[in-house]
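[1] Got a sequence here, can you model it:
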Amino acid sequence: MEQVYLLIPLAPLFGAIVAGLFGRRIGRAGAHWVTIAGVTVAFVLSLVSLKHHVIDGAPVFNAAVYTWLVSDGIQFQIGFLVDNLTVLMITVVTSVSLAVHVYTIGYMEEDPGYQRFFSYIALFTFSMLMLVMSNNFLQLFFGWEAVGLVSYLLIGFWFKRETAIYANLKAFLVNRVGDFGFLLGIAAIVTYFGTLDYAQVFAAAPDHAATTIALFGGQSWSLMTVICIFLFIGAMGKSAQVPLHVWLPDSMEGPTPISALIHAATMVTAGIFMVARMSPLFELSETALSVVIIIGAITALFMGLVGIVQNDIKRVVAYSTLSQLGYMTVALGASAYSVAIFHLMTHAFFKALLFLAAGSVIIAMHHEQDIRAMGGLWRKMPITYVTSLVGSLALIGTPFFSGYFSKDAIIVAVSHAQIAGAGFAYFAVTIGVFITAFYSFRMFFLVFHGESRVDPHTAEHLHETKPVVTLPLIALAIPSVIIGGLTIEPVLFGGFFDGAIDVASRHDTVAKVAEGFHGAISFSMHALVSLPFYLALAGVAAAWYLYLRRPELAGRLREKLAPLHLILTRKYWCDEFNSIVFAGGGRMFGRLLWRVGDESVIDGLIVNGAANTVGRIAQVLRHLQTGFLYHYAFAMIIGLLLLLTLFVMPAYF
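    Here you go, the predicted model:
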């Protein structure tokens, strides 16, 4: 199986290299066929690995492929850890990536950068696979940075647009902040554990549970708390948690296929996966878990609220991603790691579906993205309409749909959590159900129902998109409906993650969820007596009433709540805060260093100062060089007298 594991990331890499280096020779068709073939091979082999580990019960594979270097006894290796967590992740990544690759044929067919785009998305898939399959922190960091680099290339793919360049720089710089914390966490692990290997670090972690280190003026901090918080800062950047969330909405400047890939199965899920993989460390620090659950709750609630006022179809879905990532992070903080990964899986399918459906609408609307310029599209685009409805129902947690099982499991798990911040988190994720339903169906109703607001020229040519676009929608709609019900019992309550995820008995909230689980159907029927179900219904009803039944009320409500609307449309002024405090502060600090360090010290004291000092000394010494012989003779006599005074006279006294 080692060759199979090796081929899973290498197949997309091969496609990316061929399409990137030989794109002009093989043409557009060659570029998409070679990359799709590579991702298809990875997907099929992921299914083989899934069967091998889950159905056949194969043991965990943990081995190094090769040693890159050895420094001070620490081995820097490339290696794979393949367990149930890994096989689930690679199956999700490759399946969503395959759908996106096929969809791209239709979406990007007229783009001059066609071959380059296919090369990038295949390289993106390779980077994420290397990340999730790693068995050590070196390879994890390689995949971590690789997905960041490729996301920079893809968000700014249309590099002639100023907004795209701004967006990819923003994503790159914000992630550098998170990655700095991530690197500090890895450095602390190397310092105190002396290894980069997961298994060795996890085995030694309990011995360091009581270890403290001095930080911030000598105050003692738990080593495990420091390591986990630093690692989580990295996750905050990649998985767009407050306050490092600001890059994700702007990533919509990239083509829609990459929006789907980033938001559903690759970059933003990296942080969630990493924290779940590091569960043996996080379980040793309740402080770190409290930080995680509070940050997740803030993100889930406040980013969902911003989604209500968005009018760009892709940005509505983007803020939905931010909110759902907050749900996953809350689950991680509640030690319900398996539930977080379960929601990651279900969310990957219905969120990719929603993004690709939005892209289908954008194609049909001749790249119009404002939902206020749409309406009544269901008659012209029946496949996109039905699949969008499926994705929206899954997103809001409709019983029997995939999103219901994972989202409801998060809410129940958090209700049993005992760590600090769990009460606020439970409030946030519960109220978030209403908010999610409201902004999701606000978008759905404005796009597909009501009177048409489409301009006459576009309306004349409006029709369903090509099969190469709609077939991936249908393919993603199927798991959006059934995957949750089919897998909830084995994944959450069947010991699926045994050996891959560690949970302390005092934190085992999933066990509490299991006590009330009596099968997928019973779990769905329980919705009829649960608060979240009625909050979701209320959200859909409110969206219908305000945007279909009485649309004039939405305008009045916006006027009455003008201060709140301003806060939400300005996104809590996070961008302005970052621009003034961080970017502006950074520039001011840079100017200070330039003036004090460069101008005053380096130029003023060292470079120019040394030259000026030599010049001043020369100005004095030049007066001694008169050119008169008797002056030089006099100087020689004075010098001789000084030598006699210093060396000869002391011998007689």
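[2] what's the helix or strand harbouring residue 19 packed up against?
    According to DSSP states H and E, residue 19 maps onto helix 2-21. On a contact count with 3 or more CB pairs under 8 Å, 6 or more residues apart in numbering; DSSP states H and E, helix 2-21 meets helix 23-50, strand 61-71, strand 74-82, helix 84-107, helix 114-133. C-betas here are computed from N, CA, C, even on glycine.
[3] among the ones you listed, which is nearest residue 216?
    strand 74-82 (27.7 Å; CB to CB).
[4] follow-up on the earlier one: would you turn the helices and strands packed on helix 2-21 into a markdown table with distance to residue 192, mean pLDDT and mean neighbour count?
    Formatted as a markdown table, the helices and strands packed on helix 2-21 follow (distance: least, CB to CB, whole Å; pLDDT from 0 to 100; neighbours: other CB atoms under 10 Å):
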| stretch | distance to residue 192 | mean pLDDT | mean neighbour count |
| --- | --- | --- | --- |
| helix 23-50 | 33 | 95 | 20 |
| strand 61-71 | 17 | 91 | 12 |
| strand 74-82 | 12 | 92 | 19 |
| helix 84-107 | 25 | 95 | 25 |
| helix 114-133 | 24 | 96 | 26 |
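[5] Reformat these as JSON lines; add distance to residue 206.
    Formatted as JSON lines, the helices and strands packed on helix 2-21 follow (distance: least, CB to CB, whole Å):
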{"stretch": "helix 23-50", "distance to residue 206": "30"}
{"stretch": "strand 61-71", "distance to residue 206": "19"}
{"stretch": "strand 74-82", "distance to residue 206": "20"}
{"stretch": "helix 84-107", "distance to residue 206": "20"}
{"stretch": "helix 114-133", "distance to residue 206": "25"}
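[6] what residues are up against the closest residue to residue 266 other than its chain neighbours?
    Of all residues not flanking residue 266 in the chain, residue 128 sits nearest, at 4.4 Å (CB to CB, 6 or more residues apart in numbering). Counting by CB atoms under 8 Å, 6 or more residues apart in numbering, residue 128 touches 93, 143, 147, 265-267, 270.
[7] Residue 77 versus residue 128, what's the distance?
    Separation of residue 128 from residue 77 (CB to CB, to the nearest Å): 20 Å.
[8] picking up where we left off before, among the helices and strands packed on helix 2-21, which comes closest to residue 455?
    helix 84-107 (21.8 Å).
[9] and the closest one, what does it pack onto?
    Using 3+ CB pairs under 8 Å, 6+ apart: helix 84-107 touches helix 2-21, helix 23-50, helix 114-133, helix 256-264, helix 267-277, helix 337-364, helix 467-493.
[10] For residue 580, which of these is the nearest?
    Closest among the helices and strands packed on helix 84-107, once you apply CB to CB, is helix 267-277, at 26.5 Å.
[11] contacting residues around the helix or strand following the closest one?
    Counting by DSSP H and E, the element after helix 267-277 in chain order, helix or strand, is helix 279-282. Contact with helix 279-282 is made by 201-202, 205, 224, 227-228, 231, 275, 288-289, 292, 332, 335, 337, 501-503, as judged by CB under 8 Å, 6+ apart.
[12] before we move on, what about stretch 493-501?
    Under CB under 8 Å, 6+ apart, the answer for stretch 493-501 is 54, 60, 83-86, 88, 276-277, 279, 337-338, 341, 490-491, 510, 513-514, 517.
[13] Determine how far the last residue of it lies from the first.
    Using CA to CA, to the nearest Å, the end-to-end distance of stretch 493-501 comes out at 13 Å.
[14] Then stretch 237-256?
    End-to-end span of stretch 237-256 (CA to CA): 21 Å.
[15] quick thing: my sequence starts at 713, can you match it?
    Sure, I'll start numbering at 713, so the last one becomes stretch 949-968.
[16] Could you check how far it is from the centre of its chain?
    Relative to its chain's centre, stretch 949-968 lies at 7 Å (CA atoms, centre = their mean, to the nearest Å).
[17] So for that stretch, mean pLDDT?
    Here stretch 949-968 scores 92 as its mean pLDDT.
[18] and if you look at stretch 981-988?
    For stretch 981-988, mean pLDDT is 95.
[19] pull the CA atoms of the helix or strand hosting residue 1044 into PDB?
    Secondary structure assignment for residue 1044, by DSSP H and E: helix 1025-1045. As requested, the backbone C-alpha atoms of helix 1025-1045 are provided in PDB (Å, rounded to 0.1, in the frame of the first residue of the first chain):
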ATOM      1  CA  ILE A1025     -24.000  36.100  -4.500                       C
ATOM      2  CA  LYS A1026     -20.500  34.700  -3.900                       C
ATOM      3  CA  ARG A1027     -19.900  36.800  -0.800                       C
ATOM      4  CA  VAL A1028     -23.100  35.600   0.800                       C
ATOM      5  CA  VAL A1029     -21.800  32.000   0.500                       C
ATOM      6  CA  ALA A1030     -18.400  33.200   1.600                       C
ATOM      7  CA  TYR A1031     -19.700  34.600   4.900                       C
ATOM      8  CA  SER A1032     -21.700  31.400   5.300                       C
ATOM      9  CA  THR A1033     -18.300  29.600   5.100                       C
ATOM     10  CA  LEU A1034     -16.900  31.800   7.800                       C
ATOM     11  CA  SER A1035     -19.800  31.100  10.100                       C
ATOM     12  CA  GLN A1036     -19.700  27.300   9.400                       C
ATOM     13  CA  LEU A1037     -16.000  27.300  10.100                       C
ATOM     14  CA  GLY A1038     -16.900  28.900  13.400                       C
ATOM     15  CA  TYR A1039     -19.200  26.000  14.100                       C
ATOM     16  CA  MET A1040     -16.400  23.500  13.400                       C
ATOM     17  CA  THR A1041     -14.000  25.500  15.700                       C
ATOM     18  CA  VAL A1042     -16.600  25.500  18.500                       C
ATOM     19  CA  ALA A1043     -16.800  21.700  18.200                       C
ATOM     20  CA  LEU A1044     -13.000  21.500  18.500                       C
ATOM     21  CA  GLY A1045     -13.100  23.700  21.600                       C
END
